[in-house]
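# Test case, fold it:
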Amino acid sequence: MTRPKRKSASKRKFYKNLIHNCLVQTYRRMEDMVSTLPMDGVDLDKDTKDSRTIKNVIAIEQEWILDPDLREEISLIDLGPPPDKA
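Below is the predicted model of the structure:
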């Protein structure tokens, strides 16, 4: 039977900080990407810079947020129709 190695407290703290920093940087990157998008919506069926940006943000969210229900709830991307067209 194999077990995970026990890491020293200093290594655990180092890795915890590293993961935290990666998450913060990733979230900032996604916010920067989303800030370039038009507020009136994007056609995801067309291959445009905006549609690729949305698909990239969704892909990053899928990597970091495994639960699909939680991901839908907290996503930076609203896949519904714009509020004025709902």
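# Check the spacing between the residue minimising distance to the centre of the chain and residue 8 real quick.
Nearest to the geometric centre of the chain sits residue 61, at 2.9 Å (Cα atoms, centre = their mean). For residue 61, the distance to residue 8 (Cβ to Cβ, to the nearest Å) stands at 33 Å. Any C-beta I mention is one placed from the backbone N, CA and C, and that applies to glycine too.
# do residue 18 as well
Using Cβ to Cβ, residue 18 is found at 15 Å from residue 8.
# Kindly report the same for residue 80.
Applying Cβ to Cβ, the value for residue 80 to residue 8 is 48 Å.
# now swap in residue 24 and tell me
Distance from residue 24 to residue 8, by Cβ to Cβ: 24 Å.
# same question, residue 29
Distance of residue 29 to residue 8, given as Cβ to Cβ: 31 Å.
# And those two? Which one has more around it.
Counting neighbours by other Cβ atoms under 10 Å for residue 29 and for residue 8 shows that residue 29 has the greater number, 13 against 8.
# State the number of residues packed around residue 78.
Per other Cβ under 10 Å, the neighbour tally for residue 78 reads 10.
# Helix, strand or coil: sort out it for me.
At residue 78 the chain is in coil, as set by DSSP: H, G, I helix; E, B strand; the rest coil.
# List the contacts of it.
Under the criterion of Cβ atoms under 8 Å, 6 or more residues apart in numbering, residue 78 has no neighbours.
# How about residue 23: what's its closest non-neighbour residue?
Closest residue in space to residue 23, ignoring its immediate chain neighbours: residue 64 at 7.2 Å, by Cβ to Cβ, 6 or more residues apart in numbering.
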